[in-house]
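Chemist: Structure for this input, please:
(one chain, ligands or ions: 1)
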Amino acid sequence: MRATPPEEIAKQHSAAVELILSQLPCAPRINHGEVPIEWKTKPTCPRPKVKADTSNDGEQAAEDVNANSASACNHVDSVEEDVTYPEWCVSSRGRVDVAPIVKLITEGVNEPSPVLANKENGKKNSKTKVMKKLLSVKSKPVKSYSLTNLWDEDNAARNNVKITRPSHDAWGIKKIMLVFCDDFLHTIYTLPWYQTGSGSTSIGCEMNAAIQPILDVLQIEQRQMVRCLLAALPPGVTIPVHHDTGEWVKYTHRVHVPIIVSDPTKVLFRCGPTEQSMDRIDCTPGHVFEMNNQAKHAVTNGGTEFRVHLILDYVEPSFFEMRASQNCPVNRVDLSSGEIITQTRRSIDRAKEAGTRPQPSYLILGAQKAGTTSLYEYLTQHPWVVKAKRRETHCLDWRWNDALKTTEERRAHCLEFYHAEAMKPYPSLRTGDSTPSYLLDYYRVIPRLKECFSHEPQMIILVRDPIKRAASHYAMVTSNDGTEEQLKARGTEWREKSFEEVLEQDVRNMKEDGLLPYWDMENKTVDKDVFDSFINSREEDEAWEQYIRTRVPLNTGSYSPLARGLYALQCRQWFRSFSKDKFLVMKLEDMSQNGKGVQWVVNKSLEHLGLPRFDVPDADKKNSREYNDPFEDKEDLKGWLERFFAPHNERFGNMIVEELGYDENDWTNLWT
Ligand SMILES: Nc1ncnc2c1ncn2[C@@H]1O[C@H](COP(=O)(O)OS(=O)(=O)O)[C@@H](OP(=O)(O)O)[C@H]1O
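Modeler: Numbers count the residues shown, from 1 in each chain. Just a heads-up that it's a prediction; the model follows:
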């Protein structure tokens, strides 16, 4: 919830009290069925009009009005002309008897919330204090509390699980947590007070039985429920106009059921597509209503007692299948009584699982100039991906410390480049880096990686048309922009040389090392028969190793403009050293709008990391540079580069199809 300034809240509170006093009528209860999920993100989309029943038995009649409007938003064109399109965000889904729930939660409901009590005492309820309280809860002397008072924070912390909800806590809202999930619906936690299995308390069983009628009205199964809590809003409190945010909001139906509302005429709960068009919702106990929580909503408790609602979020059954198909199946966890959890704004972890995720979780290995910076920046916008201390750590090549002799020291040195220690309590979170020199420099990097990280991180390789890659490489190394450190890292070797000269130098180096027996230096052509018999031979392996060992320096970036585009030779070394499923290979071209797009690349990467999807907010190109086309009026140059790379590209494409099982439609005729 966005922080609204206190003056604005006071203003909204006064306005709400005015509306309560003026006896603003509630909107008629209408059962539109489920608020279609696709409407969640567009609460202002015009909705087909449905007939409201305002007869005396409004409640029952309203439930009978089944608007059949679930797909209406998509069919606006076909609706008859005389129909208008008011916007609706609320659907009255039915009625239940809430007496069994009331019985379980009445005790202590009107005791002031500790947050408000603290505020009244002028104490600051800082985060650190909350944390200290949370951590010390086990060792505190036993305070007397009633096991049947489910609002008591100490009771909840010892016998249920303490979950912090900063926005709710700030309003002094008391809660009884039953089911909860992280922001990405990755894990659904059932709390002890909702568990029914063996060893569960009677509260769990009674709570289940009391809530089941609501699920029946909604026609949903228990497993669809991803959040469920009882929230007690203190008297005299206004939660100002807002809309909910977070990934979970997009996939969930939000349901409210007023449970204890001593005087519904004193509660003003409104929801609508805009702040100016919010309808007042009838908050009589037992009214099961769904509201679009991405639409605007606000509530004021103008009564003199706490107002309790059951708030429930559920997903559609297809959600689970969708997640499974994205390599991110939904987990379910039963938390135990008093269990400590660690939360960030968007994640939840169990304290007992601290340190179970070895870091770094992923490495972007290269290729250089193939969009590695963009991918790193896209991925690290995910709330569960933490940036390394620097994007290109180079901890396994030129920041490797030869003075360190033991594996422990070396590991500690490498981990220093990540926030690995601080991340231990949050195993949901991932960190990693993007060091695009690793792909080529396999002979240094692979043994070090294996030595320092006992786990195999997920690895991502991006490739790009090798001719364009070389041009981009040359443009970077000869450009004057960048920080002092970047300029130094690029070296000065190419500054006085033309693009052709550096390419020809690389060909000569490879030839000298025995890597190009099939390349005719004079005619600049490939002998395909020699190529076919040479590739994958022991001679090729030896020549490649000779080249890498002698032509790949650590003190400059001015080297290997062509060899860096020989992707099969580079990937081969990596594929031999780690299991193939550790690798994700994609093309920079996939990122372009004509290709599959940035979001596709991000989705594939998240799948590879086992992370839930999210829409990348900033999909702009990173590390892009303007430079002259080095092939202008240079058909010869372009021609021989095409001849040089053609068999290599074909070889690489075949390798990806054969070894990684990728779709051959995507990997044949590469960059032709
Ligand atoms: N989304 C998207 N679409 C198309 N092209 C993109 C995108 N993101 C990055 N790029 C291009 O990738 C080049 C930079 O690659 P790297 O970040 O890997 O370079 S580096 O090795 O880290 O220096 C650089 O290429 P050049 O501009 O040709 O130099 C970027 O423009």
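
Chemist: alpha carbons only for contacts and neighbour counts from here, please
Modeler: Will do.

Chemist: in the chain, which helix or strand is least confident?
Modeler: The weakest-scoring helix or strand in the chain, judged by mean pLDDT, DSSP states H and E, is helix 58-64 (a mean of 33).

Chemist: which element follows that helix toward the C-terminus?
Modeler: The element immediately downstream of helix 58-64 (helix or strand, assigned by DSSP states H and E) is strand 90-95.

Chemist: So in that sheet, which strands flank that following strand, and in what orientation?
Modeler: Sheet pairing here is set by DSSP bridges, and for strand 90-95 it gives strand 287-291 (antiparallel).

Chemist: Quick check: whatever residue of the stretch 451-600 of the chain ends up closest to the ligand vs Asn623, distance?
Modeler: Using C-alpha to the nearest ligand atom, the single residue of the stretch 451-600 of the chain nearest to the ligand is Ser472, 4.2 Å away. From Ser472 across to Asn623, the span is 11 Å (C-alpha to C-alpha, to the nearest Å).

Chemist: The two: who's more crowded?
Modeler: Between Ser472 and Asn623, counted using other C-alpha atoms under 10 Å, Ser472 has the larger neighbour count: 21 against 11.

Chemist: The more buried one against Gly371, yeah?
Modeler: No - taking C-alpha atoms under 8 Å as the definition, Ser472 is not a contact partner of Gly371, at 10.8 Å.

Chemist: Please work out which residues outside the helix or strand hosting Leu375 touch it.
Modeler: Element membership for Leu375 (DSSP H and E) is helix 372-379. Outside helix 372-379, the residues within contact range by C-alpha atoms under 8 Å, 6 or more residues apart in numbering are 364, 366, 385, 391, 433-434, 436, 462, 602, 605-606, 616, 618-623.

Chemist: can you tell if it touches the ligand?
Modeler: Yes - looking at helix 372-379 against the ligand by C-alpha under 6 Å from any ligand atom, the contacts come from 372-374.

Chemist: Using CSV, lay out those residues together with pLDDT and neighbour count.
Modeler: As requested, the residues of helix 372-379 next to the ligand are exported to CSV (pLDDT from 0 to 100; neighbours: other C-alpha atoms under 10 Å):
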residue, pLDDT, neighbour count
Thr372, 98, 27
Thr373, 98, 23
Ser374, 98, 21
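
Chemist: With adjacent residues omitted, what lies nearest to Asn623?
Modeler: Leaving out its chain neighbours, the residue that sits closest to Asn623 by C-alpha to C-alpha, 6 or more residues apart in numbering is Thr373, at 6.5 Å.

Chemist: and the strand or helix carrying Ser533, average pLDDT?
Modeler: Following DSSP H and E, the helix or strand that holds Ser533 is helix 528-534. Taken as a whole, helix 528-534 has a mean pLDDT of 98.

Chemist: In that helix, which residues are buried?
Modeler: Under the neighbour-count criterion of 16 or more other C-alpha atoms under 10 Å, helix 528-534 has 531, 534 buried.

Chemist: name the helices or strands packed onto the helix or strand following that helix?
Modeler: Note on helix 528-534: by DSSP H and E, the next helix or strand toward the C-terminus is helix 538-551. With contacts defined as 3 or more C-alpha pairs under 8 Å, 6 or more residues apart in numbering; DSSP states H and E, the packing partners of helix 538-551 are helix 442-452, helix 499-512.

Chemist: Run the angle between helix 538-551 and helix 499-512 for me.
Modeler: Relative orientation of helix 538-551 versus helix 499-512 (axes from the mean of the first three to the mean of the last three C-alpha atoms, to 10 degrees): 130 degrees.

Chemist: Arg158 is in contact with Ser336, isn't it?
Modeler: No - using C-alpha under 8 Å as the test, Arg158 is too far from Ser336 to be in contact (9.8 Å).

Chemist: List the contacts of Leu439.
Modeler: With contacts taken as C-alpha under 8 Å, 6+ apart, Leu439 has the following neighbours: 365-367, 461, 570-571, 574.

Chemist: Look over these and name the one with the lowest pLDDT score.
Modeler: Comparing pLDDT over these, Gly366 scores lowest. The value there is 94.

Chemist: Work out for me the element Arg254 sits within.
Modeler: Following DSSP H and E, one finds Arg254 within strand 253-260.

Chemist: List the pairing partners of that strand within its sheet, with orientation.
Modeler: Strand pairing (DSSP bridges) places strand 253-260 next to strand 287-291 (antiparallel), strand 307-314 (antiparallel).

Chemist: From Asp244, how far off is Gln381?
Modeler: 20 Å.

Chemist: Then Leu606?
Modeler: Leu606 sits 24 Å away from Asp244, going by C-alpha to C-alpha.

Chemist: go on, Arg391?
Modeler: As for Arg391, its distance to Asp244 is 32 Å (criterion: C-alpha to C-alpha).

Chemist: I'd guessed Trp193 sits against Ile203; true?
Modeler: Yes - using C-alpha under 8 Å, Trp193 makes contact with Ile203 at a distance of 5.6 Å.

Chemist: neighbour count winner among these two?
Modeler: For Trp193 against Ile203, the residue with the higher neighbour count under other C-alpha under 10 Å is Trp193, and the figures read 27 against 18.

Chemist: Look up how far the ligand lies from that one.
Modeler: Using C-alpha to the nearest ligand atom, to the nearest Å, one obtains 48 Å as the distance from Trp193 to the ligand.

Chemist: Tell me the confidence at that residue?
Modeler: The confidence metric pLDDT takes the value 97 at Trp193.

Chemist: For it, which non-adjacent residue is spatially closest?
Modeler: Nearest residue to Trp193, sequence neighbours excluded (C-alpha to C-alpha, 6+ apart): Gly204, at 4.3 Å.

Chemist: same thing with Asp620?
Modeler: Spatial nearest neighbour of Asp620, excluding adjacent residues (C-alpha to C-alpha, 6+ apart): Ser374 at 7.8 Å.

Chemist: Buried residues of the longest helix seen in the chain, list them for me.
Modeler: As far as residue count goes, and with DSSP state H defining each element, the longest helix of the chain is helix 635-660. With burial defined by 16+ other C-alpha under 10 Å, the residues of helix 635-660 counted as buried are 637, 641-642, 644-646, 648-657.

Chemist: and it, what does it pack onto?
Modeler: Under the contact definition 3+ C-alpha pairs under 8 Å, 6+ apart, helix 635-660 sits against helix 466-477, strand 525-526, helix 567-577, helix 664-667.

Chemist: With respect to Ser558, which of these lies nearest?
Modeler: If you check each of the helices and strands packed on helix 635-660 against Ser558 by C-alpha to C-alpha, helix 466-477 wins as the nearest, at 6.4 Å.
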